[in-house]
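Asker: For reference, the sequence and a predicted model appear below.
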Amino acid sequence: MVSRNNSDRYRLNAHDRGYDRRWKRVAREYLWRRPWCIGCLAIGVKRKAQLVDHIVPHRGDQTLFWQSANWQSACAWHHNSIKPELERQFASGRITHRELHLESATAVQLTRERHRPAVGPDGFAIAGS
Ligand SMILES: [Zn+2]
């Protein structure tokens, strides 16, 4: 079964290829200038950012989507594990939009709670992971 979300995303991609291409180019350029995940940097870990995250969810709002002040470099872990929790707290009014930054106090606290450094074969954490 295809969820409603998936079919909406598919429709957007199929009908708006130029828009996708433009975003890909702009995001690549942004990551070239800001290659490190800012959420990881905030706890002293240097990890390559894999994507450009919209700080305040754009929900189709074109202005918010294209505003570079609303972008942040993120690793997949921050995007998939920390950001959804921040967005939940934001949606329920527990935090302001400023705390949606991956280097905000709330984000850093969540990162510290959930981050597990990679463990080497000797059982010790790998420095900087
Ligand atoms: Zn990260």
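Answerer: Good, I have the coordinates.
Asker: need the longest helix for the protein.
Answerer: Secondary structure assigned by DSSP state H gives helix 17-33 as the longest helix of the chain.
Asker: Does anything pack onto the helix or strand following that one? Which helices or strands?
Answerer: Scanning forward in sequence from helix 17-33 by DSSP states H and E, the next helix or strand is helix 38-41. The helices and strands touching helix 38-41, judged by 3 or more Cβ pairs under 8 Å, 6 or more residues apart in numbering; DSSP states H and E, are strand 71-74, helix 105-114. In short, each C-beta sits where N, CA and C put it, glycine included.
Asker: Pick the most buried one from the ones you listed.
Answerer: strand 71-74 (a mean of 23; mean count of other Cβ atoms under 10 Å).
Asker: Could I get the average pLDDT for the following helix or strand past it?
Answerer: Downstream of strand 71-74, the first helix or strand assigned by DSSP H and E is helix 76-77. For helix 76-77, mean pLDDT rounds to 96.
Asker: Tell me where this structure is predicted with low confidence.
Answerer: Low-confidence segments of the chain (pLDDT under 70): 1-19, 128-129.
Asker: So which bits of it are right by the ion?
Answerer: By Cβ under 5 Å from the ion, the residues of the chain that approach the ion are 37, 39-40, 75, 78.
Asker: Switch the residues you listed over to a markdown table; also include distance to W23 and neighbour count.
Answerer: Below are the residues of the chain next to the ion laid out as a markdown table (distance: Cβ to Cβ, whole Å; neighbours: other Cβ atoms under 10 Å):
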| residue | distance to W23 | neighbour count |
| --- | --- | --- |
| C37 | 19 | 26 |
| G39 | 21 | 31 |
| C40 | 23 | 24 |
| C75 | 19 | 22 |
| H78 | 19 | 28 |
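Asker: Just the closest of these to Q109, please.
Answerer: Q109 lies nearest to G39 out of the residues of the chain next to the ion, by Cβ to Cβ, at 11.5 Å.
Asker: what residues are up against the closest one?
Answerer: Contacts for G39 (Cβ atoms under 8 Å, 6 or more residues apart in numbering) come out as 74-75, 78, 82, 102-103, 107-108, 111.
Asker: can I assume V56 is in contact with L100?
Answerer: Yes. Applying Cβ atoms under 8 Å, one finds V56 in contact with L100, separated by 6.0 Å.
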